[in-house]
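Chemist: Using only what follows, build the 3D model:
(chains A and B)
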Number of protein chains: 2
Amino acid sequence: MTSDYLSLFFRPKGVAIVGASRDPVKLGYGVVRNLVEHHYDGPIYPINPSADEILGQRVYPSIAEVPDPLDLAVIVVPAKMVARELDACGQRGVKAAIVVSGGFREVGHDGAEREEEIKAIAAHYGMALLGPNCIGTIDTHTPLNTTFVTGQPRPGEIALLSQSGAVAAAVIDWARGSGVGFSRIVSLGNQAGVNEADMLGAIANDAQTQVVTAYIEGVSDGPAFLQVATQVARQTPIVALKVGRSSSGAKAVASHTGALAGAEAAYDAAFRRAGVLRASRLEEMLDWARALAWQPLPKGNRVAVLTNAGGPGVMAVDALEAAGMQLAPLTEATKAFLRQRVPPAASIENPVDILAGSGPATYALCLDALLADETVDAVVVMTAPQDWFAPLSLAEVVGEVSASPLGRRKPVLSVIMGLASTSDATQVLHRRRTPNFAFPERVASTLAAMWQRKQWLDALPDTPTVMSASSVEPHPSLEGMTGWLPPHLIDDLLQAYAIPIPKAALVNYPDEAATAATTIGYPVALKLIAEGLTHKSDVGGVKLHLMTPEAVHEAATTMLNQVEDGALYVQQMVKSEVEAIIGVVRDPQFGALVMVGTGGTFVELLADTAFELAPVTPAQAAAMIGRTALGRLLAGYRGKPPVDRQAVIEAIVALAQLALDNPTIQEIEINPLMVGISGAYAVDARVRVS
Amino acid sequence: MTSDYLSLFFRPKGVAIVGASRDPVKLGYGVVRNLVEHHYDGPIYPINPSADEILGQRVYPSIAEVPDPLDLAVIVVPAKMVARELDACGQRGVKAAIVVSGGFREVGHDGAEREEEIKAIAAHYGMALLGPNCIGTIDTHTPLNTTFVTGQPRPGEIALLSQSGAVAAAVIDWARGSGVGFSRIVSLGNQAGVNEADMLGAIANDAQTQVVTAYIEGVSDGPAFLQVATQVARQTPIVALKVGRSSSGAKAVASHTGALAGAEAAYDAAFRRAGVLRASRLEEMLDWARALAWQPLPKGNRVAVLTNAGGPGVMAVDALEAAGMQLAPLTEATKAFLRQRVPPAASIENPVDILAGSGPATYALCLDALLADETVDAVVVMTAPQDWFAPLSLAEVVGEVSASPLGRRKPVLSVIMGLASTSDATQVLHRRRTPNFAFPERVASTLAAMWQRKQWLDALPDTPTVMSASSVEPHPSLEGMTGWLPPHLIDDLLQAYAIPIPKAALVNYPDEAATAATTIGYPVALKLIAEGLTHKSDVGGVKLHLMTPEAVHEAATTMLNQVEDGALYVQQMVKSEVEAIIGVVRDPQFGALVMVGTGGTFVELLADTAFELAPVTPAQAAAMIGRTALGRLLAGYRGKPPVDRQAVIEAIVALAQLALDNPTIQEIEINPLMVGISGAYAVDARVRVS
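Modeler: This next block holds a predicted model:
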């Protein structure tokens, strides 16, 4: 197992640079420079057959001649020479290698062949291989910097895992400018060896790292990622920016569920399951990261806003409420305390506006009082530029109160507005581990993300952690089947999982249909079954509310005349108040993805749906329903009686299990699931098997 | 009219400071300091009975003794003394006054009385009054700075109108830090005299101003704002941040339309009508402003992205597509040109990725080629930090190409990522009037806003510019009516505006109902009419599909038994494919607000609605439908035939006119408007009059 060696990417004893150069424009120079300049304190071994010394370091003609200790090789030679050098590293006993060089899979067929070759070499020697086509690793605490990128963030608590070297470089530059410290940074490159799941585990396995950020273009091993992320997230928050929404494209699937799902719904569900917080923009990822790294989680969603001006306060309140946070009511005791400390015209209601004349001392007293208030879960401290005191002084005060015993119990976020007069204040706040934001709106999504994590942690004991198949054998009726299942097999399958279905019969002739209808009891529905027919209602293949044998006979005759080789499904009409849809699609990365939403023929139009990965617990199914308008329909909408929500929950849980147990099922869709006062019936279901 | 004097707030000849001080912590010092330091070149007259000289300026004991020229007084004395000083200004013949002092309406009853007093004084002398409780005005070109706020942006093209002095101060500090120039800045304060509409006209009446930004907490005169904004926006883009969403609260209204509307829908509709671009965050307002001020509008929505790394390109593309922009396809000629100028591994497809090794010269060639490509409407130039060249060099190149004759025809937006190494590059780009953004996602909403403005300008010739009532007299049936109208009056009203209704009769007894039904023709619907009954279907007050006189009689009997004093409405059942809702609510600021959406009983649940201010043209009505899912339903959803969209458009236009002509109508709701293959019928309508 190479994974034992992953820590060597961050804490190696001895680093060789294969392709080290004395030419400052070469990457092979930059790597040596960064190791030296950023004070790596183990031995540095530049390898170059035609140089004696680089930046004061003795140069070795080949890796074979490098003495112990030597854990890590950084390879920066042209693509065609990488295989030979990597092999030499293997022979020398190097346990971990970073291939910085590009010219592999990303350049086409020849490159892909070269990549396979180095992959085989690494496997042969049991070497951990990072890259190729990456910028390497940084650990600011070791310290170690194997990249060629100029500059390094100060030591801190945020780790970054990036599938783009350019994004890593941009974050490094941003971090240097904003005074935000990082613990570890790693660029994954082409992932010929180490993938995102391996590295997520390795990067988080670090006492310094308080939060992991991840720039992700795609997950290469869904189950492994889910498992590692779930494990990491129990201790360390993970914030991910998943890009590539636009290029994911529409899948060619026949069901509503498939059309509504798409890869992004699977990522959303996977991240939600694993406790990965999904940011929508790079800047948002960095906003969330520093708050999660530095501040405690809020115990609730009630926020106090402390400001010296009304306008900025309104902006913050707008954004907080839009993000699902609430304004803390404040106790009478707090208000009485504030009343004695602020100018008469100040507002002691939340948002607390202490007016432009108040200084750092008043801020300190008010912030302390708000932190002590039991109705407050988090505090946002804001200031607009004014002439009474330096923003720096406020930064010192806010940082100090936030780090006090009282302050450490609740998150404090700061909004010192402006730019020209505030950069020193921002640096001070960031050094004191209080996140600062130049614009008020950004605290809202940040606090909402912290609150989301708190809720995820609280729900952990009830959450299934593995995607294990249950002990049930695949259902016998699926054996040898492909394509869309016939209705009687679907009925067998649903009944095996206790998903209620209406009474029904499969017949071939109008006479049989009338007889079956009488046995089942009126009213009945009649459905045409024919090859390639998936949306029956679009072609008149469904007749509802048939009340007599004659009506059934007539409808059956009309339907059968429409197709060459059709059969008919006679089905009891179930009385219901609400139509739901539940379904499953199998995502190539994350497996069975379960959907629930408002049913009927408008389902795609409304897109009122929620997704979860299988398995689904009853609590998760209830939460899914709660994310949709279906939830309000089930509760009894506009004077209608509430219907059997529990039956929908049970159907979702059962459907998820069915999909887990039967891996050949590609899609299931029950639409409508007819929900009545008591019970929910799968009135129309389609299942596709491969 | 004081409005003739509004230009004196920006270009006065002679400024007096009433309450000037030698104490540097006093506001009365700050105002004199800013006038002097920011080089106001007219006479400056500090007024102070007990000083001789402040900052080298001769001090006058009272305003009466100040010589000509004197256009503007800045008053910074305590609230209680303001009235006396303002009166003295009036006597002296001062034409415009800025009251900086606080302590008026914002502090309660006594302050409100003081505010009425100074309002009366200003009116008496015909003085233009800005404030009280404001920070004054800046014109960087005059130059004039009447505020006490430290620092001033460099002269530029962006004007800011703010209902918060703190927000203005924050923008000033941000502008200084980011190198973005401003033309005029004004803080409105309590608006005792000049309001947002007056000042919007005045601030935009300036050759230097290329865009107006506005921080708005509420509009005090809706029609005036609409008129001025529409006029200004024809020449100069307006970007507004309207805050106070959360505090606007839910209105107590009985109709769906009212519940769905709220003040924010009215602001959205008003801004859309007036061509005001509504930003959702302060930072977004500033992003849009500098692009609109400096760059031409795109002629279409096709964007070329030029990047030196894949990851940043993907982020930009994700955000662009989410914002409704498209990737330009690029011509074969462009691709052939690029192929000769970029490394072999580069991507010449859009997003064009010229790889990390390419420098400013390659950027220049590629940017020029993309600007020359006829399939490209706008270009985004991006770079992640790298070691090959200074970001500054790229900034020079991008700024230069963007300012070339070719570059001036299409917008160029820049994304130089990072922070530590990029601030000089940002300053250079901003000096060269090319907007720069540190994060890729922000270009997307910016380009979308520019494209929105282009479409608004293109649609202008077809847009009604005034909210004039038509020449039609209020309908006679409304005379003396209040509350909910009875159905026969509603029918009269709808027929007067050619909105089709089903055949119907109003009756009092079951026998009459059966007879009326036979006359109308079966099937019929029966509806209970009773005091205070608005949502009939909630209480069994609606029976549909009645087929015989007996059924009508029975249903009528049951309904009438439910209430003390009821009547019945017998109505022809109209065959329809789609149910729509159309409605009107009267917004206190902006007047009749017209709604269309998916109808039926789920309308509030779905909230699938679009709003416009009355009057509504057919093109606007069609666009409203296009913003809702109803649009897709009307087009023929899932195999159903398309229905009569034109009839819905006509009904919306007519309903808007009805509301304009009859100002006592507070709410109208037609739900459902039954839309068939031919025609749309108002099956159930409610109208409230006051």
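
Chemist: Nearest residue to the middle of chain A?
Modeler: residue A:271 (3.1 Å; C-alpha atoms, centre = their mean).

Chemist: Am I right that that one is in contact with residue A:239?
Modeler: No: taking contacts as C-beta atoms under 8 Å, residue A:271 lies outside contact range of residue A:239: 9.9 Å. All C-beta spots, glycine's among them, are computed from the backbone N, C-alpha and C.

Chemist: residues touching the residue nearest to the centre of chain A, list them.
Modeler: Neighbour list for residue A:271: A:229, A:240, A:242, A:277-278 [criterion: C-beta atoms under 8 Å, 6 or more residues apart in numbering or on different chains].

Chemist: go with 6 Å
Modeler: residue A:278 (C-beta atoms under 6 Å, 6 or more residues apart in numbering or on different chains).

Chemist: Look at it and give its secondary structure.
Modeler: Under the three-state scheme (DSSP: H, G, I helix; E, B strand; the rest coil), residue A:271 adopts helix.

Chemist: Please tell me how far it sits from residue A:219.
Modeler: According to C-beta to C-beta, to the nearest Å, residue A:271 stands 10 Å off from residue A:219.

Chemist: Check residue A:98 too.
Modeler: Distance, residue A:98 to residue A:219, by C-beta to C-beta: 22 Å.

Chemist: next one: residue A:639
Modeler: 47 Å.

Chemist: These two: which is more packed in?
Modeler: Neighbour count, other C-beta atoms under 10 Å in any protein chain shown: between residue A:639 and residue A:219, residue A:219 has more, with 25 against 11.

Chemist: Where does the residue nearest to that one when sequence neighbours are not counted sit, in terms of helix or strand?
Modeler: The shortest distance from residue A:219 to any residue other than its chain neighbours is 4.7 Å, reached at residue A:225 (C-beta to C-beta, 6 or more residues apart in numbering or on different chains). Using DSSP states H and E, residue A:225 sits in helix A:222-235.

Chemist: Can you name the residues in contact with that helix?
Modeler: With C-beta under 6 Å, 6+ apart as the contact definition, helix A:222-235 has outside contacts at A:197, A:200-201, A:204, A:219, A:238, A:270, A:274-276, A:465, A:589-590.

Chemist: Please pull up the helix or strand immediately following that helix.
Modeler: Defined by DSSP H and E, the subsequent element after helix A:222-235 is strand A:238-242.

Chemist: mind listing what that next one pairs with, with the direction of each?
Modeler: Strand A:238-242 pairs in its sheet with strand A:211-216 (parallel), strand A:276-279 (parallel), by DSSP bridges.

Chemist: In JSON lines, list the ones you listed along with mean pLDDT and mean neighbour count.
Modeler: Below are these laid out as JSON lines (pLDDT from 0 to 100; neighbours: other C-beta atoms under 10 Å in any protein chain shown):
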{"stretch": "strand A:211-216", "mean pLDDT": "97", "mean neighbour count": "26"}
{"stretch": "strand A:276-279", "mean pLDDT": "97", "mean neighbour count": "24"}
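
Chemist: any chance of the ones you listed in a markdown table, with distance to residue B:333 too?
Modeler: Listed next are the strands paired with strand A:238-242 as a markdown table, based on distance: least, C-beta to C-beta, whole Å:
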| stretch | distance to residue B:333 |
| --- | --- |
| strand A:211-216 | 35 |
| strand A:276-279 | 40 |
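
Chemist: Tell me how many other residues surround residue A:690.
Modeler: 11.

Chemist: Distance check, it against residue B:528.
Modeler: Per C-beta to C-beta, residue A:690 is found 56 Å from residue B:528.

Chemist: could you check whether the worst-scoring helix or strand of chain A on mean pLDDT is close to chain B?
Modeler: Counting by mean pLDDT, DSSP states H and E, chain A has its least confident helix or strand at helix A:603-606, which shows a mean of 72. Yes: residues of helix A:603-606 contacting chain B under C-beta under 6 Å from any C-beta of the partner chain: residue A:605.

Chemist: in that helix, what's buried?
Modeler: Counting neighbours by 16 or more other C-beta atoms under 10 Å in any protein chain shown, one finds that the buried residues in helix A:603-606 are A:603-606.

Chemist: From the residues you listed, pick the one nearest residue A:652.
Modeler: Nearest to residue A:652 among the buried residues of helix A:603-606: residue A:603, at 15.7 Å, using C-beta to C-beta.

Chemist: So residue A:183, which state does it fall into?
Modeler: Strictly by three-state DSSP, residue A:183 counts as strand.

Chemist: ok, now residue A:651?
Modeler: Under three-state DSSP, residue A:651 comes out as helix.

Chemist: Can you lay out the contacts of helix A:222-235 as TSV showing distance to residue B:92?
Modeler: Formatted as TSV, the contacts of helix A:222-235 follow (distance: C-beta to C-beta, whole Å):
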residue	distance to residue B:92
A:197	78
A:200	74
A:201	78
A:204	72
A:219	75
A:238	68
A:270	73
A:274	73
A:275	70
A:276	68
A:465	80
A:589	78
A:590	77
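
Chemist: Now, these that are in helices?
Modeler: With helices taken from DSSP state H, the overlap with these comprises A:197, A:200-201, A:204, A:270, A:274.

Chemist: Widest-spaced pair of these?
Modeler: Greatest spatial distance among the ones in helices among the contacts of helix A:222-235 (C-beta to C-beta): A:204 and A:270, at 17.4 Å.

Chemist: which one of these two has more residues nearby?
Modeler: More neighbours surround residue A:270 than the other of residue A:204 and residue A:270, with 28 against 24 (other C-beta under 10 Å).
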